[in-house]
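Chemist: Predicted structure and sequence below. I'll ask about it afterward.
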Amino acid sequence: MGSINKSATQLNATVLSNKRVGSYHQILINVGDVVKNCRPGNFVAISVGGDSSKMILRRAFAISRVSENSQYGGSMELIVAPHGSGSKWLCSLPEGTEIDLVAPLGTAFGIPTEPINALLIGGGYGSAPLFGLADVLKARNCKVDMLLGASVGAKIYAPLEGKRSVNSLKIYTEDGSMGEKGRVTESLLEIVANRSIDVIYSCGPMGMLRAITELVSATDVIHQCAVEESMACGIGICMTCVLPVEDENGQVAMLRSCIDGPVMDGSKVKWELVGQVPEVHS
Amino acid sequence: MSLPVDMSTTLANAWFPSPIFTASGCASSGKELSQFFALKDVGAIVTKSVMSKPRHGRPTPRMAETPSGMLNSIGLQGPGIDSFLANDVPWLLEQKARVVVSIAGETIEEYSTLARKLRSISGISAVEVNISCPNVENRGLVFACDPDASRRVIDGVRKTIGGELPIIVKLSPDVTNLPEIARGVVDAGADALALINTVLGMLINVDSMRPHLGGKTGGLSGPAIKPIAVRAIYQVHAALPNVPILGMGGVSSGRDAFELILAGASAVSIGTASFGNPNALINIQNELREILAAKGFATLKQAVGYAHREESV
């Protein structure tokens, strides 16, 4: 446990740009050398509402991608959905605003040492960290296919430059307003078989992560998923963001999605027990 | 320039170089915060209340942000005392941190059992006996709401642990007569009091139209409850001026910590503020030192309970 968030640091960082992209905001932040320690799957925790805010907790966002050599030095991109008062405040910030952030946090996606066939699956803005991941996987000579899904086309996040990072991209919407009508899980098993997929990397709603896990449970595919559970601290001290996960001894433990996740082995998460308490072991 | 302030403090026979502690349940066992500051640089690490057996706690959702505060319903998830004493305490002592171990039980006997296991552990500064967690299974068993049950828990712990280790008893503000409960546990052998635990609260989700938290009710913490903490500390210090108080409740700045000290706290725990700011303890400690100096206090101890001085002084 000595390695918990060993690169995490708190700093004041400047918003370089803030653009609306479909239903989301693409926010670019100057974080300097912090980018050197950011890995796909890591997240950032940001104070919201300013000094006199009644919102006392940080908001956690997946780091979408980082760049070491933008014209400002290291920069970090976030894709934010203006849902609640905290994310709306962040999306309203003009360029040049200073924000207080802690990064990088959490367990990142595991990167294979050998070239593999990877399938990246994103739901809604859950696609955000997958493009940075695709860059890393491509650099390791992996084949990278991507499936994105959302309820409507406006909630698909797929930037033009991101599309270049993948070998193929297939989009699903529930109303058929973009791509194919349906969900990402529609023909998942065929895709896995036809493309000899070794590893699935996913990020999106818990229902989607669970559905993927169940579909691939009978295959040899490894499923690394970035989970989402409401967090108070993001650094492992509040114990609110726990999920029932099978530990190395085969027992179910309530693990923190901030430290033991957000990236977890989908087959170890006890999806049917989320929101419940497992039997006490002795 | 002002003179340096002596920040050291004592709770019964335990000495601490600074009055700023973590709050139990808001720092786990210290490892996570050690990424942000050296644990020996603050007064003490008060560990998350530990029970006899490993415990999963309550179902999620376990938290909800509220205006200037938050509700939590963790339910004392933890590794159990044996694993805690074997792993967490030695690690904390290696860091040269001062350690206050917080214990919680479901029965009077469980507190005594925990105290017996602590007695053989060297190097810890004090034990916090948490008799006021609002997230135990049966809210009716919150010992700190019952003067007689409170006394019996502390009596059992005192008899088991002997006279060496200071006992700090953590009380709930959710009672009618707090000084009476405080006096009862002091008579039973408490050396100091920790004030206040979270305030019992609830949030109903207006979309689902049901209680939002998995445990339905939760403990309210954060700046929203600070005035309750100040009141509780002031009342108890007035009634029991010789009993040291570890104050806590919504402290997020040096000014807030100073306010609790003026009310009568000899040390101040930082809880929810660490969730919003991992460096909160260090910042608050630095701010407090500056405020004490600016107000002309040469030592922290001179400021303890200063709000109680007579009008003419």
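Modeler: Sure, I can see it. Numbering: from 1, shown residues only, chains lettered A, B, ... in the order given.
Chemist: Please make it C-alpha for all contacts and neighbour counts, starting now.
Modeler: OK.
Chemist: Near the residue of the stretch 101-250 of chain B found nearest chain A, how many other residues are there?
Modeler: Nearest residue of the stretch 101-250 of chain B to chain A: B:G214, at 7.2 Å (C-alpha to the nearest C-alpha). Neighbour count of B:G214, defined by other C-alpha atoms under 10 Å in any protein chain shown: 19.
Chemist: got a list of what it touches?
Modeler: A:275, B:58-62, B:73 (C-alpha atoms under 8 Å, 6 or more residues apart in numbering or on different chains).
Chemist: A:R195 reaches A:N117, doesn't it?
Modeler: Yes - using C-alpha atoms under 8 Å, A:R195 makes contact with A:N117 at a distance of 7.5 Å.
Chemist: okay, those two: which has more neighbours?
Modeler: For A:R195 versus A:N117, the count of surrounding residues by other C-alpha under 10 Å is larger for A:N117: 18 against 14.
Chemist: what's near enough to touch the more buried one?
Modeler: Contacts of A:N117 (C-alpha under 8 Å, 6+ apart): A:142-145, A:195-199.
Chemist: again, but for B:K301
Modeler: Shown in contact with B:K301 (C-alpha under 8 Å, 6+ apart): B:7-9, B:266.
Chemist: If we use 7 Å, what do you get?
Modeler: Contacts for B:K301 (C-alpha atoms under 7 Å, 6 or more residues apart in numbering or on different chains) come out as B:T9.
Chemist: Which residues belonging to the strand or helix carrying it are considered buried?
Modeler: Assigned by DSSP states H and E, B:K301 belongs to helix B:300-303. By 16 or more other C-alpha atoms under 10 Å in any protein chain shown, the buried positions in helix B:300-303 come out as B:300-301, B:303.
Chemist: Equivalent analysis for stretch B:88-96, please.
Modeler: Neighbour counts using 16+ other C-alpha under 10 Å place B:88-93 of stretch B:88-96 among the buried residues.
Chemist: Touching that stretch from outside, list them.
Modeler: So stretch B:88-96 is in contact with B:29, B:39-40, going by C-alpha under 7 Å, 6+ apart.
Chemist: 10 Å - rerun?
Modeler: Applying C-alpha atoms under 10 Å, 6 or more residues apart in numbering or on different chains, the external contacts of stretch B:88-96 come out as A:2, B:28-31, B:34, B:38-41, B:44-45, B:47, B:79, B:81-85, B:97-101, B:121-124.
Chemist: In strands, which of these appear?
Modeler: When DSSP state E defines the strands, the subset of the contacts of stretch B:88-96 inside them is B:45, B:99-101.
Chemist: What count of nearby residues applies to the residue of the stretch 151-300 of chain B found nearest chain A?
Modeler: Here the stretch 151-300 of chain B gets closest to chain A at one residue, B:F275, 4.1 Å apart by C-alpha to the nearest C-alpha. When counting by other C-alpha under 10 Å, one arrives at 24 neighbours for B:F275.
Chemist: Does it touch B:A23 like I think?
Modeler: No - taking C-alpha atoms under 10 Å as the definition, B:F275 is not a contact partner of B:A23, at 11.4 Å.
Chemist: returning to what we had before: of the contacts of B:G214, just say which sits nearest to B:T198.
Modeler: Using C-alpha to C-alpha, B:S73 is the member of those that lies nearest B:T198, at 10.6 Å.
Chemist: what's that closest one in contact with, if anything?
Modeler: A:239-240, B:57-64, B:133-136, B:200, B:202, B:213-220.
Chemist: Over to A:T173?
Modeler: Contacts of A:T173 by C-alpha under 10 Å, 6+ apart are A:123-124, A:148-156, A:179-184.
Chemist: Find me the pLDDT at it, would you?
Modeler: Looking at A:T173, its pLDDT reads 97.
Chemist: Please state the offset of stretch B:283-292 from the chain centre?
Modeler: In terms of C-alpha atoms, centre = their mean, to the nearest Å, the centre of stretch B:283-292 is set 20 Å apart from its chain centre.
Chemist: Tell me which residues of it come out buried.
Modeler: Of the residues in stretch B:283-292, those buried (16+ other C-alpha under 10 Å) are B:284-285, B:287-292.
Chemist: ok, which pair from these is furthest apart?
Modeler: Longest span within the buried residues of stretch B:283-292, C-alpha to C-alpha: B:I284 and B:L292, 12.0 Å.
Chemist: ok, which stretches of the stretch 1-150 of chain A are strands?
Modeler: A:9-21, A:24-30, A:43-46, A:59-62, A:65-70, A:73-80, A:98-105, A:117-123, A:143-150 (DSSP state E, counting those that start in this stretch).
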